[in-house]
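**Student:** Attaching a predicted model along with its sequence, questions to come.
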Protein chains: 2
Amino acid sequence: MASTIKDIAKRLNISISTVSYALNGGPRKVPEEVKAKVLAVAKELNYRPSRVARSMVTGRSDTIGIVPPDVIDNIFLSPYLHMALNGVFNEAGRLHQDVLLFTRYSESERDEMASMIVDGRVDGVIFIAPHFSERDIELATSLHSACVSISGFPLEGVHTFSVENEAGVHLALQHLYDLGHRKIAHIAGRLDMHDAIHRLQSYQAFLRSQRITYQEEWVTMGQFTIEGGKRAMNTLLSLPDPPTAVFCANDEMAIGALMEAYALGKKVPEEISIVGFDGSPDSEHVFPTITTVKQPISELGAAAVRALCALIEGREPEDRSIFPAELIVRASTSSPMEHVS
Amino acid sequence: MASTIKDIAKRLNISISTVSYALNGGPRKVPEEVKAKVLAVAKELNYRPSRVARSMVTGRSDTIGIVPPDVIDNIFLSPYLHMALNGVFNEAGRLHQDVLLFTRYSESERDEMASMIVDGRVDGVIFIAPHFSERDIELATSLHSACVSISGFPLEGVHTFSVENEAGVHLALQHLYDLGHRKIAHIAGRLDMHDAIHRLQSYQAFLRSQRITYQEEWVTMGQFTIEGGKRAMNTLLSLPDPPTAVFCANDEMAIGALMEAYALGKKVPEEISIVGFDGSPDSEHVFPTITTVKQPISELGAAAVRALCALIEGREPEDRSIFPAELIVRASTSSPMEHVS
DNA sequence: TAATTCTTTGGAGACGCTTGAGAAACGTTT
DNA sequence: AAACGTTTCTCAAGCGTCTCCAAAGAATTA
């Protein structure tokens, strides 16, 4: 149906190779006159080179694969992933790379998934926030496939891009501390993810450095979801000695916490301060707007793409891999004193 | 580097075709004994079939392409697109289809874009909310490539999936009308998109049916964005005779309108009621929560995938193409009377 | 004019896989 | 023993493209 390079050759009575050279401005020179004719016929026949055939012979597909975190359904409703994808897509477009999103819908397909990564349709893979248990990434590296990760666990030979978690957490907690808070709880994310672990550890480190006693029950699990944030906040507010401030490992949990606080009749920030993490658009749309630690997620995505392309082409990636965090103070935090009095 | 079907054949001293048949349970039978041996060796050599080579000969890639709306940068931050992609990915996974997201980063690459659609890497394409001026979709059909659209303009031979816009708009406006509103403004979306046009027309039709005089200045453009919603709301509230209610063509603009209303000291819903469209998660996170018309966007995406797969396999799509809208009454709407008095 | 060099162009092999055509081996039937 | 059907397997032809190699032609030199 679709026309091929052969059709063009036949039409002009020249060889296939000449056509190929003409179309690609190929390694060999082709007289301008012939070139023009080839291009004209190509246009006339509505010729489109088959990327598949080209991949076959060049071994390159100019396509990068994205492996989103392996969570439950509806994964594409996560703001974090959106921001990451946003950066990835913009940069991929700029670098003339297409993006193949790997979908997986059950654990049992894990192996099939793994083989997709190395079946030749992508030149390299970006893992977004992979779980600790994620073996695909090891498989990919073992097969010498180019791969990088965003917010992943440090892994031998895998370039990992992430935010300065420790510094970010410090900014958030210092902010609360400076406001006068001493009873600061933490709603942690999924502890099989690197960022969640790192943020929890940084939280503990901060308490230690400020000589605040670490209270086991002030750390609750929120699974990085709004629902999880609600549940966690509910738990925290039921404590005999509830905290005056809550630091959440991401904005979604902060939103959940906010909603739950209101549901329980607690005013934010008057009765309890809330800080999020990520700097998602949503954090600014809720009421009150949420104080949060912004990480340049889109830039992480873009940097990952650049690094991956470098690896594919055999260059050494030049991007730094740790990105700065920035505190954005909004309306969900205030001093606890004013209202205690 | 990677092992091929040939390596397996050589190792076992059998023909390449036998290996192929064994691996695929192919068209021809292969004795269990041989099959077992082949599979064992395949595993040992860590063999992964090359999808590229397979595509080459079968002409199928088991991959569907997605063309997101051709808007400016950071497109992946649109909740609408997320919900659509969410449905698409889930369903694609279920049907064992991979998803290639087409990125495009400039108008000048339009032609390159078009050829990507038909270069053999995808079996079919889903256009999400294509613009009126989008020619790619026509190109795709003219090349007999399978394609469907979500919220697109009706086009000969292209299955289009969309929500019952007219009914949805009616629900929203009737709700406002029943509350007592008579001065109802409309913040419209991008008028090069089908949904935006359709919703504007439905708004006008409703006013006509209720014999409310259509006020030119009560229709403002919001471009489907939060920023646009803010600007539009600003314009509306500056009118000498401002409306008591605003119906927005999507939730993002409703959020923007909400923010702007607050910024101008107008209370929602006490002084002005706001209704959105889409039923995005965000519409429930803002304060006050927004009354909105929910459309099953994810289901639209899923249905589009099913239909596309049917087309690819030469079957007739069975899904209905118009989906119901549902009014979700929340806190952003109330009767105007109470406060006028 | 013949020999040499340079330029241009066509031929053909690969890439890894699928699959139809047909060969070989075997057992069964007449 | 011949004829036949089955089963099991090999051969080889592609799929569309890229690119090396060699052949043909043109230009230069002896």
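**Tutor:** Sure thing, it's come through. Numbers count the residues shown, from 1 in each chain, chains lettered A, B, ... in the order given.
**Student:** who touches the most centrally placed residue in chain A in this structure?
**Tutor:** The centroid of chain A falls nearest to residue A:84 when counting by Cα atoms, centre = their mean (3.7 Å). Contact analysis of residue A:84 by Cβ atoms under 8 Å, 6 or more residues apart in numbering or on different chains lists A:128-129, A:150, A:297-298, A:300-301. Yep, even glycine has a C-beta here, placed from its N, CA and C like the rest.
**Student:** just these: which has the poorest pLDDT?
**Tutor:** Within the contacts of residue A:84, residue A:129 has the lowest pLDDT, namely 88.
**Student:** Which of the residues in stretch A:295-314 are classified as buried?
**Tutor:** Within stretch A:295-314, the residues that count as buried by 16 or more other Cβ atoms under 10 Å in any protein chain shown are A:295-312.
**Student:** coming back round to it: using CSV, lay out the contacts of residue A:84 together with distance to DNA strand C and secondary structure.
**Tutor:** Conversion of these to CSV gives the following (distance: Cβ to the nearest atom of the strand, whole Å; DSSP: H, G, I helix; E, B strand; the rest coil):
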residue, distance to DNA strand C, secondary structure
A:128, 28, strand
A:129, 31, coil
A:150, 30, strand
A:297, 37, helix
A:298, 36, helix
A:300, 34, helix
A:301, 31, helix
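**Student:** Among these, give me the pair with the biggest separation.
**Tutor:** Using Cβ to Cβ, the pair of the contacts of residue A:84 lying farthest apart is A:129 and A:298, separated by 14.3 Å.
**Student:** now the residue of the stretch 201-341 of chain A found nearest DNA strand D: how far from residue A:60?
**Tutor:** Taking Cβ to the nearest atom of the strand as the measure, the stretch 201-341 of chain A has residue A:313 as its residue closest to DNA strand D, at 14.3 Å. According to Cβ to Cβ, to the nearest Å, residue A:313 and residue A:60 sit 9 Å apart.
**Student:** on that earlier part again, element containing the residue nearest to the centre of chain A, please.
**Tutor:** Taking DSSP states H and E as the definition, one finds residue A:84 inside helix A:79-94.
**Student:** try residue A:205
**Tutor:** helix A:194-209.
**Student:** cool, and residue A:262?
**Tutor:** helix A:251-263.
**Student:** do the same with residue A:100
**Tutor:** strand A:98-101.
**Student:** In its sheet, which strands sit next to that strand, and in what direction?
**Tutor:** Under the criterion DSSP bridges, strand A:98-101 sits next to strand A:63-67 (parallel), strand B:98-101 (antiparallel) in its sheet.
**Student:** What mean pLDDT does that strand get?
**Tutor:** Computed over strand A:98-101, the average pLDDT equals 88.
**Student:** One more: stretch A:38-54?
**Tutor:** Mean predicted lDDT for stretch A:38-54 stands at 89.
**Student:** repeat for stretch A:304-312
**Tutor:** In this model, stretch A:304-312 carries a mean pLDDT of 94.
**Student:** Can you give the contact residues for it?
**Tutor:** A:60, A:64, A:87-88, A:91-92, A:95, A:97, A:123-126, A:146-150, A:159, A:161, A:316-319, A:321.
**Student:** Among those residues, name the buried ones.
**Tutor:** The neighbour count (16+ other Cβ under 10 Å) marks A:64, A:87-88, A:91-92, A:95, A:97, A:123-126, A:146-150, A:159, A:161, A:317, A:319, A:321 as buried among those.
**Student:** ok, now which ones touch residue A:331?
**Tutor:** Residues in contact with residue A:331 (Cβ under 8 Å, 6+ apart) are A:269, A:288-291.
**Student:** Run through the residues of the stretch 51-200 of chain A sitting next to DNA strand D.
**Tutor:** A:53-54, A:56-58 (Cβ under 7 Å from any atom of the strand).
**Student:** Would you format these as a markdown table with distance to residue B:200 and secondary structure included?
**Tutor:** Below are these laid out as a markdown table (distance: Cβ to Cβ, whole Å; DSSP: H, G, I helix; E, B strand; the rest coil):
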| residue | distance to residue B:200 | secondary structure |
| --- | --- | --- |
| A:53 | 46 | helix |
| A:54 | 45 | helix |
| A:56 | 49 | helix |
| A:57 | 51 | helix |
| A:58 | 49 | helix |
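**Student:** Tell me the buried residues within those.
**Tutor:** In these, the ones that pass as buried (16+ other Cβ under 10 Å) are A:53-54, A:56.
**Student:** restrict those residues to contacts with DNA strand C.
**Tutor:** residue A:56.
**Student:** now, which of the buried ones among the residues of the stretch 51-200 of chain A next to DNA strand D lie close to chain B?
**Tutor:** Among those, proximity to chain B is found for A:53, A:56 (Cβ under 8 Å from any Cβ of the partner chain).
**Student:** Now for the residue in the stretch 201-341 of chain A that chain B sits nearest to: which residues touch it?
**Tutor:** Closest to chain B within the stretch 201-341 of chain A is residue A:287: 3.0 Å, counting by Cβ to the nearest Cβ. Residues near residue A:287 by Cβ under 8 Å, 6+ apart: B:286-288.
**Student:** which stretches of the stretch 1-150 of chain A have low pLDDT?
**Tutor:** Judged by pLDDT under 70, the stretch 1-150 of chain A has its weakly predicted residues at A:1, A:26, A:70-76, A:104-114, A:133-144.
**Student:** Pretty sure residue A:9 sits in a strand.
**Tutor:** No: when classified by DSSP: H, G, I helix; E, B strand; the rest coil, residue A:9 is found to be helix rather than part of a strand.
**Student:** ok, it - how many residues close by?
**Tutor:** 18 (other Cβ atoms under 10 Å in any protein chain shown).
**Student:** Tell me the helix or strand right after the strand or helix carrying residue A:310.
**Tutor:** Assigned by DSSP H and E, residue A:310 belongs to helix A:297-312. Sequence order places strand A:322-323 as the next helix or strand after helix A:297-312, per DSSP H and E.
**Student:** Just name whatever secondary elements the following helix or strand past that following strand is in contact with.
**Tutor:** Going down the chain from strand A:322-323, the next helix or strand is strand A:326-328, by DSSP H and E. Identification of packing neighbours for strand A:326-328 by 3 or more Cβ pairs under 8 Å, 6 or more residues apart in numbering or on different chains; DSSP states H and E yields helix A:165-179, strand A:291-294.
**Student:** and with 10 Å instead?
**Tutor:** Other helices and strands packing on strand A:326-328, by 3 or more Cβ pairs under 10 Å, 6 or more residues apart in numbering or on different chains; DSSP states H and E, are helix A:165-179, strand A:273-278, strand A:291-294.
**Student:** Any chance of CSV for those, columns mean neighbour count?
**Tutor:** Formatted as CSV, the helices and strands packed on strand A:326-328 follow (neighbours: other Cβ atoms under 10 Å in any protein chain shown):
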stretch, mean neighbour count
helix A:165-179, 20
strand A:273-278, 29
strand A:291-294, 26
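**Student:** TSV please, covering those and showing distance to chain B and mean pLDDT.
**Tutor:** Listed next are the helices and strands packed on strand A:326-328 as TSV, based on distance: least, Cβ to the nearest Cβ, whole Å; pLDDT from 0 to 100:
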stretch	distance to chain B	mean pLDDT
helix A:165-179	20	98
strand A:273-278	12	98
strand A:291-294	14	98
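**Student:** Tell me which residues of stretch A:248-256 come out buried.
**Tutor:** Neighbour counts over stretch A:248-256 (16+ other Cβ under 10 Å) mark A:248-256 as buried.
**Student:** Report the two of those separated the most.
**Tutor:** Largest pairwise distance in these, by Cβ to Cβ, is 12.6 Å, between A:249 and A:255.
**Student:** which neighbours do those two share?
**Tutor:** With contacts defined as Cβ atoms under 10 Å, 6 or more residues apart in numbering or on different chains, the residues shared by residue A:249 and residue A:255 are A:229, A:276.
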